[in-house]
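Engineer: please find the sequence and the predicted model below.
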Amino acid sequence: MLDGIKTYSGGRAQAKKSLGQHFLRDVQAIRRMVELLPAGASVLEIGPGTGALTKDLIGRAGRLTLIEADDRFAAYWAEQAEKYSQLSVVHADVLKVLEDAVGRCAPEWIVGNLPYNISGPLTARLVALQVSGGMILMYQKEVAERLRAGPGSRVYGGLSVLVRHHYEISKLLSLPPGAFSPSPKVHSQVVVLTPHGRSSVCSFEALQRTVRQGFAHRRKTLNNNFRGVLSADDWQRLCIDAAKRPEQLGYDAWAAIAAYLKS
């Protein structure tokens, strides 16, 4: 079975700080992540790097698509794709090709140790997608906790709301810095996004616009953040207390505001 990249140009493959790379090396974590995937599933992996997950995914997935921005690793995986018929590679910045790649390969699952430096904007794009199986994603601990946070938490924010439009989110495991090479300065968590299958009163795009405005100034009340957009009568019709701050509203309330603004 494929071992992944252990060396490059005669030495160990070096992580690029500019790409937010930290390579997973914890064998137990890799096993737990891969075993969540049904055998034969169609999978999209973001940022395979040296192949910690990829080498096991090749043996598990029925079809595996990799998105890799790093020239070194993209070239390596393109070579491997000539040996493994189920493997294909997209050599590009994931932020530029994500939706197109998902549209073309129609994955049931998306997995990845997400680059630290783009985890926020990338997550906003990922949770807008609907994949039938779900997503298994690794984050810095503080980002994962923000995603999983509920109303009233000091870290609850726009992404906490958006992730719940299509998915339920749960923690799979936590990892210390030593689980990676090079070791980051922070702990990490793996989360699982599972489709909940419930319909919503608004579109994801409408929810995103509403949340962006509502959380623009966290310390201000809803009334202030939507001043000139929603009146006292509007808030009364919505049955929402406009004196509350944005972090006090759950998903259903945000969806109701988004739907009302579109009506």
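Structural biologist: Received it, and whenever you're ready, just let me know what you need. Residues are numbered from 1 along each chain as shown.

Engineer: need the contact list for Arg212.
Structural biologist: Gly158 (CB atoms under 8 Å, 6 or more residues apart in numbering). Just so you know, the C-beta spots here come from the backbone N, C-alpha and C atoms, and that holds for glycine as well.

Engineer: which strand or helix spans it?
Structural biologist: For Arg212, the element it lies in under DSSP states H and E is helix 204-214.

Engineer: identify each buried residue in that helix, please.
Structural biologist: By neighbour count with 16 or more other CB atoms under 10 Å, helix 204-214 contains the buried residues Phe204, Ala206, Leu207, Gln208, Thr210, Val211, Gln213, Gly214.

Engineer: can you lay out those as TSV showing pLDDT and distance to Leu95?
Structural biologist: Shown next, in TSV, are the buried residues of helix 204-214 (pLDDT from 0 to 100; distance: CB to CB, whole Å):
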residue	pLDDT	distance to Leu95
Phe204	98	17
Ala206	98	22
Leu207	98	21
Gln208	98	16
Thr210	98	23
Val211	98	20
Gln213	97	23
Gly214	97	24
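
Engineer: distance to Gln86 for the residues you listed - can I get that in CSV?
Structural biologist: What follows is those, written out as CSV (distance: CB to CB, whole Å):
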residue, distance to Gln86
Phe204, 31
Ala206, 38
Leu207, 36
Gln208, 34
Thr210, 41
Val211, 38
Gln213, 44
Gly214, 43
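
Engineer: of those, closest to Arg227?
Structural biologist: Gln213 (10.4 Å; CB to CB).

Engineer: roughly how far does the nearest residue to that closest one once chain neighbours are set aside sit from Arg218?
Structural biologist: Counting by CB to CB, 6 or more residues apart in numbering, Asn225 is the residue found nearest to Gln213 once chain neighbours are left out, at 6.2 Å. Using CB to CB, to the nearest Å, Asn225 is found at 9 Å from Arg218.

Engineer: of those two, which one has the most company?
Structural biologist: Higher neighbour count among Asn225 and Arg218: Asn225, with 18 against 14, using other CB atoms under 10 Å.

Engineer: that one is in contact with Val211, isn't it?
Structural biologist: No. With contact defined as CB atoms under 8 Å, Asn225 does not count as touching Val211 (10.6 Å).

Engineer: how far off centre is stretch 129-142?
Structural biologist: 4 Å (CA atoms, centre = their mean, to the nearest Å).

Engineer: then stretch 110-118?
Structural biologist: Put simply, stretch 110-118 sits 7 Å off its chain's centre (CA atoms, centre = their mean).

Engineer: what residues of that stretch count as buried?
Structural biologist: Applying a neighbour-count criterion of 16+ other CB under 10 Å, one finds Ile110, Val111, Gly112, Asn113, Leu114, Pro115, Tyr116, Ile118 buried in stretch 110-118.

Engineer: just the closest of the residues you listed to Leu147, please.
Structural biologist: Distance to Leu147 across the buried residues of stretch 110-118 (CB to CB) is lowest for Leu114, with 11.3 Å.

Engineer: hang on, that closest one packs against Gly120?
Structural biologist: No. Shown here, Leu114 and Gly120 do not form a contact pair, counting by CB under 8 Å, at 9.7 Å.

Engineer: next up, the contacts around Ser88.
Structural biologist: So Ser88 contacts Arg63, Leu64, Thr65, Leu66, Ala81, Cys105 (CB under 8 Å, 6+ apart).

Engineer: so where do the helices sit in the stretch 151-263 of the chain?
Structural biologist: Ranges of helices within the stretch 151-263 of the chain are 158-162, 204-214, 222-225, 232-238, 251-262, based on DSSP state H, counting those that start in this stretch.
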